[in-house]
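S.K.: Mind looking at a prediction? Sequence and model below.
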Amino acid sequence: MPRYEYRCRTCDDTFEVSRPMAESSAPADCPSGHADTVKLLSAVAVGGTSNAPAPAMRTAGGGGGGCCGGGGCG
């Protein structure tokens, strides 16, 4: 179940609430009982490492994308 982070505007406490996604917009009272809270935007961090090499940069004349594969659209 997703966890959502809130901050209480009354006591400035930050807390988390576990609830279904369907209830993600519902208000949440702080643990001290205050109702004036705001939902915080949380950044999702994905940890780990990769052994894959970084993608190589394409050189001039080697294509590269865009709508025409780097050949110019004019």
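M.R.: Happy to help now that I have it.

S.K.: Break down this protein into its strands, ranges please.
M.R.: 3-8, 14-18, 37-39 (DSSP state E).

S.K.: Reformat those into CSV and put mean pLDDT next to each item.
M.R.: As requested, these are arranged in CSV below (pLDDT from 0 to 100):
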stretch, mean pLDDT
strand 3-8, 95
strand 14-18, 95
strand 37-39, 96
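
S.K.: Of these, which is nearest T49?
M.R.: strand 3-8 (25.1 Å; Cβ to Cβ). Every residue, glycine included, has its C-beta placed from N, CA and C.

S.K.: got the angle for that closest one vs strand 14-18?
M.R.: Calculated by axes from the mean of the first three to the mean of the last three Cα atoms, to 10 degrees, strand 3-8 forms an angle of 140 degrees with strand 14-18.

S.K.: Would you mind listing the buried residues in strand 3-8?
M.R.: 4, 6, 8 (16 or more other Cβ atoms under 10 Å).

S.K.: for the second one, which residues make a bridge with it?
M.R.: Read it as Y6. Here Y6 sits in beta bridges with F15, K39, going by DSSP bridges.

S.K.: Provide a list of residues in contact with it.
M.R.: By Cβ atoms under 8 Å, 6 or more residues apart in numbering, the contact set of Y6 is 14-17, 28, 30, 37-40.

S.K.: ok, 6 Å please
M.R.: 15, 28, 37, 39 (Cβ atoms under 6 Å, 6 or more residues apart in numbering).

S.K.: Please apply the same query to the last one.
M.R.: With contact set as Cβ under 6 Å, 6+ apart, C8 has these partners: 30, 34, 37.

S.K.: Give me the nearest residue to the last one, chain neighbours excluded.
M.R.: For T37, the nearest residue in space outside its immediate sequence neighbours is Y6; the separation is 4.7 Å by Cβ to Cβ, 6 or more residues apart in numbering.
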